[in-house]
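S.K.: Task: produce atomic coordinates for the following.
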Amino acid sequence: MVHMKKCVVEFFGTSSLIFVGTGAIILKDHGSFSISNIEVAFLFGVLVSVTIYFLGDISGAPINPAVTLGFWAARRFPASQVLPYLVSQWLGALLASFSPRLLFPHHLMLGAIEPATSIINPFVSESFMTFLLRFVILCISRGSKIKGFMAGIAVGGFVALEMLLADPISNVSLNPARSLALAVVVPRWENLWIYLVAPLLGAFLAAPVCRCTQLEDCCSAASEKPSL
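M.R.: Presented below is the predicted three-dimensional model:
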């Protein structure tokens, strides 16, 4: 029952984040609205912070397959819960991606992620930005939950900063569930692999770096227990 509640929270958390964020991107592209890249980045950052504060004590609020798998790679998350979390996040992202189609039926891209430059640059950008985000999360979290009053602000602020820095290169996703869901809805598959492989690579690389820089028991099997 507890695990089911966590999955429901992940579903709605991921859905809310992607729906509002994608909606902001669509409005930015719409001619009658004046929303800048800075405002979109700020909105994503605020949404991440709010989600962490409201849902973090229930599910940990990873709301992102890369974050979930990153916690598992760091041995802070039980393997038995990985697949349920991933499915919940994917279904939430799919719902959030189909909904704008009903509101903006004539919008072609619906905020779908596409490289702004050659393939190599977006791949490196998505990998490195996800790596940095995961490293920050690992450093300020206990087990698989982000702890501390300022932690949510730190993660949300870092997300906003990364979106501002990397948007001209990769249009920034950092979330495989969001990328895959939008690819299904639009549909657009040509460069999807970049936004699936690169964030996962960055997330997995963050775990060994965390072990090298933090306390010895930072990323260990024992650190799973207090968080669940």
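S.K.: Show me what the lowest-mean-pLDDT helix or strand in the chain is packed up against.
M.R.: Taking mean pLDDT, DSSP states H and E as the measure, strand 145-146 is the helix or strand of the chain with the lowest mean score, a mean of 72. Strand 145-146 is packed against helix 37-59, with contacts defined by 3 or more C-beta pairs under 8 Å, 6 or more residues apart in numbering; DSSP states H and E. C-beta here means a position set from N, CA and C on the backbone, and glycine is covered the same way.
S.K.: Now do the helix or strand just after the helix it packs on against helix 37-59, angle only.
M.R.: Next helix or strand after helix 37-59 toward the C-terminus (DSSP states H and E): helix 65-73. For helix 65-73 against helix 37-59, the angle by axes from the mean of the first three to the mean of the last three C-alpha atoms, to 10 degrees is 40 degrees.
S.K.: contacts for helix 65-73?
M.R.: 60, 62, 77-79, 82, 85-86, 89-90, 130, 133-134, 137-138, 144, 174-177, 199-200, 202-204, 206-207 (C-beta atoms under 8 Å, 6 or more residues apart in numbering).
S.K.: Which members of those residues are classed as buried?
M.R.: Neighbour-count burial (16 or more other C-beta atoms under 10 Å) applied to those gives 60, 62, 77-78, 85-86, 89-90, 130, 133-134, 137-138, 144, 174-177, 199-200, 202-204, 206-207.
S.K.: List the ones among those that fall in helices.
M.R.: Among the buried ones among the contacts of helix 65-73, the members falling in helices (DSSP state H) are 85-86, 89-90, 130, 133-134, 137-138, 176-177, 199-200, 202-204, 206-207.
S.K.: Secondary structure class of Q81, three-state.
M.R.: Using DSSP: H, G, I helix; E, B strand; the rest coil, the structure places Q81 in helix.
S.K.: Identify the residue spatially nearest to it, adjacent ones excluded.
M.R.: Spatial nearest neighbour of Q81, excluding adjacent residues (C-beta to C-beta, 6 or more residues apart in numbering): H3 at 6.4 Å.
S.K.: quick one: L133 from A206, how far?
M.R.: Separation of L133 from A206 (C-beta to C-beta, to the nearest Å): 8 Å.
S.K.: typed the wrong thing, it's A41
M.R.: Using C-beta to C-beta, A41 is found at 21 Å from A206.
S.K.: angle of the lengthiest helix in the chain against helix 37-59?
M.R.: The residue-count maximum for a helix in the chain (DSSP H) belongs to helix 2-29. If you take the same axes, to 10 degrees, helix 2-29 sits at 170 degrees to helix 37-59.
S.K.: which other helices and strands contact helix 2-29?
M.R.: Using 3+ C-beta pairs under 8 Å, 6+ apart: helix 2-29 touches helix 37-59, helix 82-103, helix 176-185.
S.K.: Now do the shortest one and helix 82-103, the angle between them.
M.R.: Read it as helix 176-185. 40 degrees.
S.K.: Pull the distance from helix 176-185 to the chain's centre.
M.R.: Taking C-alpha atoms, centre = their mean, to the nearest Å, one finds the center of helix 176-185 at 12 Å from the center of the full chain.
S.K.: what's the average pLDDT for that helix?
M.R.: Averaged across helix 176-185, pLDDT comes to 89.
S.K.: same thing with the longest one?
M.R.: Predicted confidence along helix 37-59 averages 87 (mean pLDDT).
S.K.: What are the contacting residues of that helix?
M.R.: Helix 37-59 is contacted from outside by 5-7, 9-10, 13, 16-17, 20-21, 24-25, 28, 61, 63, 85, 145-146, 151-153, 155-161, 163-164, 167, using C-beta under 8 Å, 6+ apart.
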